[in-house]
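*Asks:* This is a predicted model, with the sequence first.
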Amino acid sequence: MVSPVTDDREEIALNEAFQAKVDAELKIEPKDWMPEGYRRTLIRQMSQHAHSEVVGMLPEGNWLTRAPSLKRKGVLMAKIQDEGGHGLYLYSAAETLGISRDEMYEQLHTGKAKYSSIFNYPTLNWADVGAIGWLVDGAAITNQIALCRCSYGPYARAMVKVCKEESFHQRQGYEIMMVMAEGTKEQKAMAQDALNRWWWPALMMFGPHDSESTHSTQNMKWKIKRTSNDELRQRFIDATVPQAEYLDLTIPDDKLKWNEEKQSYDWGEIDWDEFANVVAGNGLCNRERLQTRRDAHDGGKWVRDAALAYAEKRKKRAAKQAA
Ligand code: FAQ
């Protein structure tokens, strides 16, 4: 029998070897040994990310029947399908860590798992679809480019494909904003209104300040996170302000100012009470979003049952032919 002392030493050696591998920029793969905390935090983050992609289809889905032209409708449909696809890669990647898709769905549908706060805001006018592409996909890419270098192989590889698609999404959003900002006075006012409502929630996507972040220190050490919440948020602001200027739209932050010394923008403060409230489930659309997801899951049960019955039938037929 192995004594507890030997067990402890073995555990320490395994942890050291794991950290050395991470430090050497080698990828961790599903069958490799990994600390339990690494597995758990990855399941948490990747499943939250997958849920965000899937729930993220809903605010834009609201505009599919009212897109202003057939071309816009086709583009929007393709974008929303891409987001669904991102959710599927991420659920598959998370399954490699030993959690089932049913468990992840259960966590989402019972409100146990989080998803990004941003998707609990309503889409009130067509310019909101532009603002989502421009700002929400823009913020998502800023975060996800860093995740392409995440230490966990399946997550990092999924992010490469996701980023390529998100960059198309960002451009189509910006193009909608450009057309509206150059349009009639009313269209420009709609674009400004959308920017006013989406700016601060987009900044909240990067999570709490570094000093308040629960997972950052350990997850930076494990190279799951490569860049901190605050650094990414600043990177996004610095890239986005000139884009707003080009549109001749005003960012709703009277403290926003170029800082020559820092070579980046100073800006105001996020309303952290609003953030906490939305994350706690009390945002404008939290209940509606979750109910829509639950209804979609229940409504799709017959499709899953039929697919399983068909797979079973094929398996039996193949076994009979082989016999
Ligand atoms: N909303 O310790 P940290 C997209 C939670 S995809 C809700 O700093 P961490 C594509 C956090 O989970 C957008 N909860 O956490 C698209 C933690 O709670 P927990 C989603 C938030 O993980 C576009 C607690 O606060 N992207 O947009 C939020 O180190 C258009 C403490 O925070 C990803 O998920 C928030 N905003 O850093 C689709 C990227 N922020 O779990 C459709 C992957 C923080 O202990 C249309 N995720 N929390 O209960 C990440 O990079 C990280 O998880 C962060 C948070 C940066 C989001």
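*Replies:* Ah, there it is.

*Asks:* Look up how far Gly98 lies from the spatially closest residue to Thr96 that is not a sequence neighbour.
*Replies:* Closest residue in space to Thr96, ignoring its immediate chain neighbours: Pro30 at 3.9 Å, by C-beta to C-beta, 6 or more residues apart in numbering. Using the backbone N, CA and C atoms, a C-beta is placed for each residue, glycine as well. Distance from Pro30 to Gly98, counting by C-beta to C-beta, to the nearest Å: 9 Å.

*Asks:* Neighbour count: the two, which is higher?
*Replies:* In this view Pro30 and Gly98 are compared by other C-beta atoms under 10 Å, and Pro30 has more residues nearby, 14 against 10.

*Asks:* and Ala202, how many neighbours?
*Replies:* By other C-beta under 10 Å, neighbour count at Ala202 equals 25.

*Asks:* my guess is it meets Ser116, correct?
*Replies:* No. Here Ala202 lies out of contact with Ser116, judged by C-beta atoms under 8 Å, at a distance of 10.3 Å.

*Asks:* Please enumerate the helices of the stretch 1-150 of the chain.
*Replies:* 4-23, 36-55, 57-61, 70-95, 101-109, 126-131, 138-147 (DSSP state H, counting those that start in this stretch).

*Asks:* Is it possible to get the ones you listed out as TSV so that each row also shows mean neighbour count?
*Replies:* Supplementary listing: the helices of the stretch 1-150 of the chain in TSV, determined by neighbours: other C-beta atoms under 10 Å:
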stretch	mean neighbour count
helix 4-23	12
helix 36-55	20
helix 57-61	20
helix 70-95	18
helix 101-109	16
helix 126-131	26
helix 138-147	22
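
*Asks:* Which stretch among those helices approaches Trp302 most closely?
*Replies:* helix 101-109 (16.2 Å; C-beta to C-beta).

*Asks:* Burial check on the residue of the chain found nearest the ligand, number of neighbours?
*Replies:* When scored by C-beta to the nearest ligand atom, the chain has Gly56 as its residue closest to the ligand, at 2.7 Å. Counted with other C-beta under 10 Å, residues neighbouring Gly56 total 24.

*Asks:* Dihedrals phi and psi, it?
*Replies:* phi -60, psi -10 (degrees, to the nearest 10).

*Asks:* Also Asp266?
*Replies:* When read as degrees, to the nearest 10, the backbone of Asp266 gives phi -90, psi 150.

*Asks:* My understanding was that it contacts Asn259; is that so?
*Replies:* Yes. If you go by C-beta under 8 Å, Asp266 and Asn259 touch, sitting 4.9 Å apart.
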